[in-house]
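Chemist: I'd like to go over a predicted model; first the sequence, then the structure.
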Amino acid sequence: WTQHIIYMIVNENCDPLSPDQTTMEVFPHLEEVGKEYCESLPNPRLIKTHLNYDLTPKNPKAKYIYIVRNPKDCVVSFFYHTVGFVNCYDYDDGDFETFFDLFMKGEVDFGDYFENLRGWLDHRSKSNILFLTYEQMKENTRECILKIARHLGTLYERKLLHNNEEMLRKVLNGSSFNEMRKDLLRWSSKRSNKHKPFIRRGIVGDWKNHLTIEQSNCIDEKLAKRFTAEEIEMIWPINP
């Protein structure tokens, strides 16, 4: 979602990805394509990574945007993601309970969620890092899009607001759930009817339909061990 928002912001006319384009083409995943590929991209280079802060390449001229989702919704979304990518993961018939245990141990793709969040949270005050939550973006998409544009450069913010916010409306529409559910091959490989679509529900709080009370408490306990009550309140003022 955020990738597509950023792509439209930097795109001259704020157009969404066309049906014959893919996110990987315009916004490659560092861990998949490697350093040399990313270095060959034209400016402005758009690069996605799931790396921890300490492992992420640093450049004072780079702009970093970190998006975190409540771990309860994250584990649910990541489960459907993992099951759906049959060619990437050997988990086609895997169950949620097992996946939840692996997630809590940090034994899923991209490692430990809590360690990743800890590292980026500790550096959120750096001027070239924008720290946002998925929940913030859902609650006030317009304001978050403007924050992203402002972070990338005031030129982009002015572009969105120019001419009675014409370009901002294009970005809001193009990144909406209904629009992104169209032409799903822009975001992922083709999935069988057996699996949920890549753009599944996109809501806050879907974890309540999947997690047991014990699983929910387990996440709460893990958060309490790794973060202060003030930090948790700052990230999620209202518990999703």
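Modeler: On my side now, so go ahead.

Chemist: what's in contact with stretch 49-68?
Modeler: 2, 6, 29-31, 35, 109-111, 115-117, 119-120, 122-124, 126, 128-134, 137, 148, 151-152, 235 (CB atoms under 8 Å, 6 or more residues apart in numbering). Quick note: C-beta positions are derived from backbone N, CA and C, even for glycine.

Chemist: can you mark which positions in the helix or strand of the chain with the lowest mean pLDDT are buried?
Modeler: Sorting the helices and strands of the chain by mean pLDDT, DSSP states H and E puts helix 177-180 at the bottom, at a mean of 79. Of the residues in helix 177-180, those scored as buried under the neighbour-count criterion (16 or more other CB atoms under 10 Å) are residue 180.

Chemist: that one: what's the following helix or strand?
Modeler: Secondary structure here is assigned by DSSP states H and E; on that basis, the next helix or strand after helix 177-180 toward the C-terminus is helix 213-226.

Chemist: and the following helix or strand past that following helix, what does it pack against?
Modeler: With elements assigned by DSSP H and E, the helix or strand that comes after helix 213-226 is helix 229-235. Counting contacts by 3 or more CB pairs under 8 Å, 6 or more residues apart in numbering; DSSP states H and E, there are no secondary-structure elements packed against helix 229-235.

Chemist: can I get the CA coordinates of helix 229-235 in PDB?
Modeler: Taking only C-alpha atoms (Å, rounded to 0.1, in the frame of the first residue of the first chain), the coordinates of helix 229-235 have been written out as PDB:
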ATOM      1  CA  ALA A 229       4.100   1.300  28.400                       C
ATOM      2  CA  GLU A 230       4.800   4.800  27.100                       C
ATOM      3  CA  GLU A 231       6.200   3.500  23.900                       C
ATOM      4  CA  ILE A 232       3.300   1.200  23.200                       C
ATOM      5  CA  GLU A 233       0.900   4.000  24.000                       C
ATOM      6  CA  MET A 234       2.800   6.300  21.600                       C
ATOM      7  CA  ILE A 235       2.700   3.800  18.700                       C
END
